[in-house]
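Asks: my questions are about this predicted structure, shown below with the sequence.
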Protein chains: 2
Amino acid sequence: MAAWAERLSGVRGVLLDISGVLYDSGTGGGAAIAGSVEAVARLKRSPLKVRFCTNESQKSRRELVGVLQRLGFDISEGEVTAPAPATCQILKERGLRPHLLIHEGVRSEFDDIDMSNPNCVVIADAGEGFSYQNMNRAFQVLMELENPVLISLGKGRYYKETSGLMLDVGGYMKALEYACGIEAEVVGKPSPEFFRSALQAIGVEAHQAIMIGDDIVGDVGGAQQCGMRALQVRTGKFRPGDEHHPEVRADGYVDNLAEAVDLLLQHMDK
Amino acid sequence: MAAWAERLSGVRGVLLDISGVLYDSGTGGGAAIAGSVEAVARLKRSPLKVRFCTNESQKSRRELVGVLQRLGFDISEGEVTAPAPATCQILKERGLRPHLLIHEGVRSEFDDIDMSNPNCVVIADAGEGFSYQNMNRAFQVLMELENPVLISLGKGRYYKETSGLMLDVGGYMKALEYACGIEAEVVGKPSPEFFRSALQAIGVEAHQAIMIGDDIVGDVGGAQQCGMRALQVRTGKFRPGDEHHPEVRADGYVDNLAEAVDLLLQHMDK
């Protein structure tokens, strides 16, 4: 693998995943990952452009930012690209009226959306909301549609809470795809449109940007397919096997966000 | 399509699916499908061998047979091939100790099985038992195993209750496969071993047997891949689109079991 200087040359913008990179979510608000609060602060004092690019869909952006601020992070709502607002834009553009299978915490993001007489299903990381009854209702709505549309906020396999690994929306998306014989549209990482909208928000081209995440497929693979570089942190849902993933190889592996930021600031074009 | 006489020549044994063919399950025991009670009786008076081959895994065989007898069917426990007893045999042969994610109604089938310190997960149509908490627990057990083994009792997409279409185990199997990056072993239709064990029970070769079911993939496709012929009934979960399925074409489509039995008895080799 090339030296860090080469791998990081010309980087102007940084996309940061949140869960597993900044903090581990969990009861009581979760816990900041050691060194991440300071790492974000240093990054924001540098000339590098920063954008938070998350698949978090259990909380509204407002609530998420509130949690992070309480943990000490320098972050504001306007700096976050998240699937729920992106989905609302798609629903409006296409005249779609969703049946929602989502977490209560994110419901307020859909306040402006017409939900009468649903002609699509929107699924997100619903946690305990993924009851059999709720899944069956979403399934029945889809089966009654002539052209069933299923939109999934992300397709993560699992994430890490302070209490352990937790099933993410991806499996439930696969369950509905299989039961209905359809394919979901994914809003969020790893969809290229989603990365591009985050880059657009900071005015940085893909080849000038680097993604830092804990998910080898959703963060690293997705960003690379979009023309970006990507580092995987060994925090959050990282597992040692990720460094030998059959399909995805990060541009670098770092112990945590603090190490990633050290490297970026050290090798940044002055 | 050839004439019925040709399509049905040489049939000596009949495998009958239960749910959607004999009856629609549902609250209060469900309801017999019109004509099916008499059709089973006629079939059993004929020279044809009969075996019930079901993926039912919400009830023990004893309970299932009890329900059917109350609806008027001539059926006994020894005539039913079902996934739970077949799974118990596999667990014992391979020294597997399961974590069970199954319906309470079928738990008694596993009374003889060692469940200490689980080294595999067995999943069945758990209905309301498919809570997020239970799915997450099964996921965590699998992720802690070095060589995770997931056994699924069937892989049906959905079935029909008197109240409407209901999600079956298949979607939940897909969810765990995706989240854990593994492939499940399916016990039940459409697995060839399962059909073969039903045929063995009545001493009939695959080419001499015909399957009658409402599931174009699980019943019809599975039986055909096993060398049998198969009819699809237009009851239960049948949907008109099934007659133009991209991969599976039944040897015949009939309105219900009664019509299937009429045809069989009419064209049977005397």
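Replies: Sure thing, it's come through.

Asks: C-alpha from now on. contacts and neighbour counts both.
Replies: OK.

Asks: enumerate the residues of the stretch 151-270 of chain A near chain B.
Replies: Within the stretch 151-270 of chain A, the residues that sit near chain B (Cα under 8 Å from any Cα of the partner chain) are A:157-158, A:165-168, A:170-180.

Asks: at 6 Å what do you get?
Replies: Within the stretch 151-270 of chain A, the positions lying close to chain B (Cα under 6 Å from any Cα of the partner chain) are A:157, A:167, A:171-172, A:174-175, A:178-179.

Asks: out of these, which are inside helices?
Replies: Among these, DSSP state H puts A:171-172, A:174-175, A:178-179 in helices.

Asks: give me the contacts around stretch A:89-106.
Replies: The contact list for stretch A:89-106 (Cα atoms under 6 Å, 6 or more residues apart in numbering or on different chains) reads A:58-60, A:114-115, A:118-124, A:126.

Asks: quick check: bridge partners of A:E161?
Replies: Taking DSSP bridges as the rule, A:E161 bridges to A:S25, A:G164.

Asks: correct me, but A:V186 touches A:L150?
Replies: No - contact criterion Cα atoms under 6 Å: A:V186 and A:L150 do not qualify, at 8.6 Å.

Asks: more crowded one of these two?
Replies: Between A:V186 and A:L150, counting by other Cα atoms under 10 Å in any protein chain shown, A:L150 is the more crowded of the two (25 against 22).

Asks: ok, now which ones touch that one?
Replies: A:L150 touches A:120-122, A:184, counting by Cα under 6 Å, 6+ apart.

Asks: can you rerun that using 8 Å?
Replies: A:L150 sits next to A:120-123, A:142, A:183-185 when contact means Cα atoms under 8 Å, 6 or more residues apart in numbering or on different chains.

Asks: same check, this time on A:V121
Replies: Going by Cα under 8 Å, 6+ apart, the list of residues near A:V121 reads A:98-101, A:138, A:141-142, A:149-151.

Asks: if you set the cut-off to 6 Å instead, what comes out?
Replies: Taking Cα under 6 Å, 6+ apart, one finds A:98-100, A:150 in contact with A:V121.

Asks: secondary structure and pLDDT for those residues - can I get that in a markdown table?
Replies: Formatted as a markdown table, those follow (DSSP: H, G, I helix; E, B strand; the rest coil; pLDDT from 0 to 100):
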| residue | secondary structure | pLDDT |
| --- | --- | --- |
| A:P98 | strand | 98 |
| A:H99 | strand | 98 |
| A:L100 | strand | 98 |
| A:L150 | strand | 98 |
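
Asks: okay, now A:A32: neighbour count?
Replies: Residues near A:A32, counting by other Cα under 10 Å: 20.

Asks: pLDDT score for it?
Replies: For A:A32, the model assigns a pLDDT of 96.

Asks: so what sits opposite it in the bridge?
Replies: According to DSSP bridges, beta-bridge pairing links A:A32 with A:Y23.

Asks: quickly find the element holding A:I210.
Replies: strand A:209-213 (DSSP states H and E).

Asks: one step back: among the residues of the stretch 151-270 of chain A next to chain B, find the lowest-pLDDT one for me.
Replies: Minimum confidence in these sits at A:R157, scoring 94.

Asks: ok, and the closest non-adjacent residue to it?
Replies: Distances taken as Cα to Cα, 6 or more residues apart in numbering or on different chains place B:A179 nearest to A:R157, at 4.5 Å, with adjacent residues excluded.

Asks: any idea how far whatever residue of the stretch 1-150 of chain A ends up closest to chain B lies from A:L264?
Replies: Nearest residue of the stretch 1-150 of chain A to chain B: A:S131, at 4.6 Å (Cα to the nearest Cα). Separation of A:S131 from A:L264 (Cα to Cα, to the nearest Å): 43 Å.

Asks: who's more crowded, those two?
Replies: Each of A:S131 and A:L264 has its neighbours counted (other Cα under 10 Å); A:L264 has more, 23 against 20.

Asks: not counting its neighbours along the chain, what's nearest the more buried one?
Replies: Once flanking residues are discounted, A:L264 sits nearest to A:L8: 6.8 Å by Cα to Cα, 6+ apart.

Asks: the helices in the stretch 101-250 of chain A, which residues?
Replies: In the stretch 101-250 of chain A, helices defined by DSSP state H, counting those that start in this stretch lie at A:132-144, A:169-180, A:192-202, A:222-225, listed in chain order.

Asks: packing partners of the second one?
Replies: On a contact count with 3 or more Cα pairs under 6 Å, 6 or more residues apart in numbering or on different chains; DSSP states H and E, helix A:169-180 meets helix B:169-180.

Asks: can you tell me what sits against the helix it packs on?
Replies: Helix B:169-180 has contacts (Cα under 6 Å, 6+ apart) with A:157, A:171-172, A:174-175, A:178-179, B:124-125, B:155-157, B:183.

Asks: buried subset of those residues, written for ChimeraX?
Replies: To isolate the buried ones among these in ChimeraX, judged by 16 or more other Cα atoms under 10 Å in any protein chain shown, type:
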select /A:157,171,172,174,175,178,179 /B:124,125,155,156,157
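
Asks: mind showing which ranges of the stretch 101-250 of chain A have poor pLDDT?
Replies: Nowhere does the stretch 101-250 of chain A drop to pLDDT under 70.

Asks: spatially central residue in chain A, please.
Replies: Note on chain A: the residue nearest the mean C-alpha position is A:N55, at 2.4 Å, using Cα atoms, centre = their mean.

Asks: can I assume that residue sits in a helix?
Replies: No - going by DSSP: H, G, I helix; E, B strand; the rest coil, the assignment for A:N55 is coil, not a helix.

Asks: for it, what are its contacts?
Replies: Counting by Cα under 6 Å, 6+ apart, A:N55 touches A:82-83, A:154, A:188.

Asks: which ChimeraX command selects the buried ones in those?
Replies: Selection of buried members from the contacts of A:N55 for ChimeraX, criterion 16+ other Cα under 10 Å:
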select /A:82,83,154,188
